[in-house]
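A.B. asks: model the structure of this input:
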Amino acid sequence: MTQVDHTRMANAIRGLAMDAVEKAKSGHPGLPMGTADIATVLFTQFLKFDAAAPTWPDRDRFVLSAGHGSMLLYALLYLTGNKDMTLDQIRNFRQLGSKTPGHPENFETSGVETTTGPLGQGIATSIGMALAEKMLAAEFGKKVVSHHTYVLASDGDLMEGVSQEAIAMAGHWKLNKLIVLYDNNGISIDGPTSLADSVDQVKRFKSAGWAAELIDGQDPKAIAAAIARAQKSNKPSLISCKTTIGYGAPTRAGTAKAHGEALGADELKGAKEKLGISLDAFSVPDDVLKAWRAAGSRGAAAREEWESVFAELGPRKRAEFERRMRHERPAALSKALRAHKKTLLESPLNVATRKSSEAAIEAIAAAMPMEFLAGSADLTGSNNNKAKSAVAFSAKAPKGRFIHYGIREHGMAAAMNGIFLHGGFAPNGATFLVFTDYARPAMRIAALMGAGVVYVMTHDSIGLGEDGPTHQPVEHLAALRAIPNMRVFRPCDAVEVAECWELALNRVDGPTVLALTRQNLPQLRTNAPNDNPCAHGAYELVAAQGNAKVSLFASGSEVEIAVAAQKQLSERGIPSRVVSVPSLELLLAQPADRKAAIIGDAPIKIAIEAAVRWGWDAVIGQDGEFIGMHGFGASAPAKDLFKHFGITAEAAVNAVLKRV
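C.D. replies: Residues are numbered from 1 along each chain as shown. Coordinates of the predicted model:
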């Protein structure tokens, strides 16, 4: 391309972005205007993609980590010919029901690789994408898997703490097909970034094991040369692109006023005149659009060549790749877990649910050894989610299927999102339940996107004992249950653990938390029907002798307490039933008739859970009795703590006796 050609193509992005934000009277024109040159070079010269096949497995991934600049991405999708991104969608930017929401949403818009907006999430998610590419390439070969992950990141992305977790992992793992283009415009909402930041990002990234350089982000030749160098690097690459936010705006360019609001009629007119863009709104010259559409179809030949190579794979390997990219579980999984549950019924396992989870993982890993991808945030020996057969992943061992994330809970959760979105793996990551506080932003994004990841969260209550209230979760179950589309399981024994693992792995439209104990628990279940009882969120574990006067509801380690209370009540001639509730929110989501049948009509309803009451009133009513936590825990052995806080069978019995 000549300089003129490039400029006119870049200006098409700027024009669409300015017009869309102006029409919506809402949005962020500054980033698209400032980074249009970067995007034009990347999409016309380097990015391997086919606009007609946006989900082609071996495409390059492009992540707009600076999600507030979403009009950059929407303009690119329209210009390159993505069939779902029409000019009408651009005109309806930020309007209800459009495919152009304020921040990119992969579940709404074809061609968007991941949902971004909360700063730092995009760059951290991209680590998982690059990691998945490296692993799949090692397994299936570079003729089948060989693509780059490109990220456009902002100052804000690199200020967020999760970015440090992400870049440290990427550098350590030598994810050399990860290239981050940093929009170094020196401006944030409050004004110059110098108000709050003086980090030399090039030095920072180099210290984390990256190749990094500073270039002129408005010079297309410099951009192209830097990307070409990055593609040849044996390290992940940062290209710090010095840009002008709101490039072309006569009075707002280079200022915070260009960041997050419409330019206004006069500034818009002045910018278009300065840049040589038609004053007609949403206008793209025919020859410019034709050139962009040619860029969008440029990758068709590469896709067709890949399809030919892929077709030459053996049928078994080809079917395996396609199945895994669809997130479809192998038939061997259900067979393995059935056999595991049969073994449990024959030889009960009276251990902590983190240990019974470890036993379930052995069965799972044998059934899906290459796609079951576990990891831990430096608590492997406590979380118990590493299969005996699993080899640790490293830069030199890309076929390893256990990831040591280090003490990086947030980075781990975000990387898992990227792994899932890339396809090919069933990721799970582990830490203590209390440390979901560190991972929460990425967990929320997983729920929003519908990412089928699994969080193995052990040490789930005051039952962890002596580590005390800093490590004892009390509000965390309620907080996680409050996240839409987040499924929380708290199994009571080894059989429920196996059932919950099966449900978690087969759930590919949203994330699942497995909350597991440190302390040993008895195996209470004596059967394992094909109709998984945990699938309804709750079920009657122990029936009453006669018409129940009391329903005892409990989850996890407190089901044992409910069973003991039921026995004592029975001895007193008070018929009661025990309902195990491995997933409170799943119970509440059941059809009304099923939910009513599970909850029952006993006049006295008691819930027992070593956590706060929030959420349980939907089951027991506001007048129901709750045996649980009402504040933070304490440091002591677990048995002493349950007695101290009144979470005992005797407390449940006394609550009943007051009501009888």
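A.B. asks: strands paired with whatever helix or strand Val513 lives in, and their directions?
C.D. replies: Using DSSP states H and E, the element containing Val513 is strand 512-515. The pairing partners recorded for strand 512-515 under DSSP bridges are strand 454-458 (parallel), strand 487-489 (parallel).
A.B. asks: next secondary structure after it?
C.D. replies: Along the chain past strand 512-515, the next helix or strand (assigned with DSSP H and E) turns out to be strand 539-542.
A.B. asks: partners of the helix or strand just after that following strand in the sheet?
C.D. replies: Taking DSSP H and E as the definition, the helix or strand that follows strand 539-542 towards the C-terminus is strand 550-554. If you go by DSSP bridges, strand 550-554 pairs up with strand 576-580 (parallel), strand 604-609 (parallel).
A.B. asks: want to throw these into CSV with distance to Gly111, mean neighbour count and mean pLDDT?
C.D. replies: C-beta: built from backbone N, CA, C; applies to glycine. What follows is the strands paired with strand 550-554, written out as CSV (distance: least, C-beta to C-beta, whole Å; neighbours: other C-beta atoms under 10 Å; pLDDT from 0 to 100):
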stretch, distance to Gly111, mean neighbour count, mean pLDDT
strand 576-580, 44, 26, 98
strand 604-609, 44, 25, 98
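A.B. asks: of those, which is nearest Leu503?
C.D. replies: Each of the strands paired with strand 550-554 was checked against Leu503 via C-beta to C-beta, and the shortest separation belongs to strand 576-580, namely 14.2 Å.
A.B. asks: contacts for the strand holding Val513?
C.D. replies: Under the contact criterion C-beta atoms under 8 Å, 6 or more residues apart in numbering, strand 512-515 has outside partners 357, 433, 436, 452-457, 460, 477, 480, 486-491, 497, 500-501, 503-504, 556.
A.B. asks: got the CA positions of that strand in PDB?
C.D. replies: In PDB, the C-alpha atoms belonging to strand 512-515 read as follows (Å, rounded to 0.1, in the frame of the first residue of the first chain):
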ATOM      1  CA  THR A 512     -18.900 -23.600  38.000                       C
ATOM      2  CA  VAL A 513     -17.500 -23.300  41.500                       C
ATOM      3  CA  LEU A 514     -16.800 -26.500  43.500                       C
ATOM      4  CA  ALA A 515     -16.500 -25.500  47.200                       C
END
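A.B. asks: so where's this protein uncertain?
C.D. replies: Residue ranges of the chain with pLDDT under 70: 1-4.
A.B. asks: same for the longest helix along it, what does it pack against?
C.D. replies: The single longest helix within the chain, with elements called by DSSP state H, is helix 3-24. Counting contacts by 3 or more C-beta pairs under 8 Å, 6 or more residues apart in numbering; DSSP states H and E, the secondary-structure elements packed against helix 3-24 are helix 30-41, helix 70-80, helix 87-91, helix 220-231, helix 265-275, helix 286-297.
A.B. asks: for that helix, list every residue counted as buried.
C.D. replies: Of the residues in helix 3-24, 6-24 count as buried by neighbour count, 16 or more other C-beta atoms under 10 Å.
A.B. asks: looking at the contacts of strand 512-515, which are in helices?
C.D. replies: Filtering the contacts of strand 512-515 for helices - DSSP H - leaves Ser357, Thr436, Leu477, Leu480, Val497, Cys500, Trp501, Leu503, Ala504.
A.B. asks: now, of these, which are buried?
C.D. replies: Listed as buried from the ones in helices among the contacts of strand 512-515 are Ser357, Thr436, Leu477, Leu480, Val497, Cys500, Trp501, Leu503, Ala504; burial here means 16+ other C-beta under 10 Å.
A.B. asks: isn't the first one up against Val456?
C.D. replies: Meaning Ser357. Yes. Shown here, Ser357 and Val456 form a contact pair, counting by C-beta atoms under 8 Å, at 6.6 Å.
A.B. asks: now the common contact residues for these two.
C.D. replies: A shared contact of Ser357 and Val456, defined by C-beta under 8 Å, 6+ apart, is any residue touching both; here these are Asn385, Leu514, Leu516.
A.B. asks: tell me which element the first one is part of?
C.D. replies: In this structure, Asn385 is located outside every helix and strand according to DSSP H and E.
A.B. asks: who's in contact with it?
C.D. replies: Counting by C-beta under 8 Å, 6+ apart, Asn385 touches Ser357, Glu358, Ile361, Ala374, Gly375, Ser376, Asn428, Ala430, Val456.
A.B. asks: how much space between the third one and Leu181?
C.D. replies: Ile361 sits 39 Å away from Leu181 when distances are taken as C-beta to C-beta, to the nearest Å.
A.B. asks: the two: which has the busier surroundings?
C.D. replies: Higher neighbour count among Ile361 and Leu181: Leu181, with 28 against 23, using other C-beta atoms under 10 Å.
A.B. asks: show me the contacts for Ala447.
C.D. replies: With contact set as C-beta under 8 Å, 6+ apart, Ala447 has these partners: Ile483, Pro484, Asn485, Met486, Gly510, Pro511.
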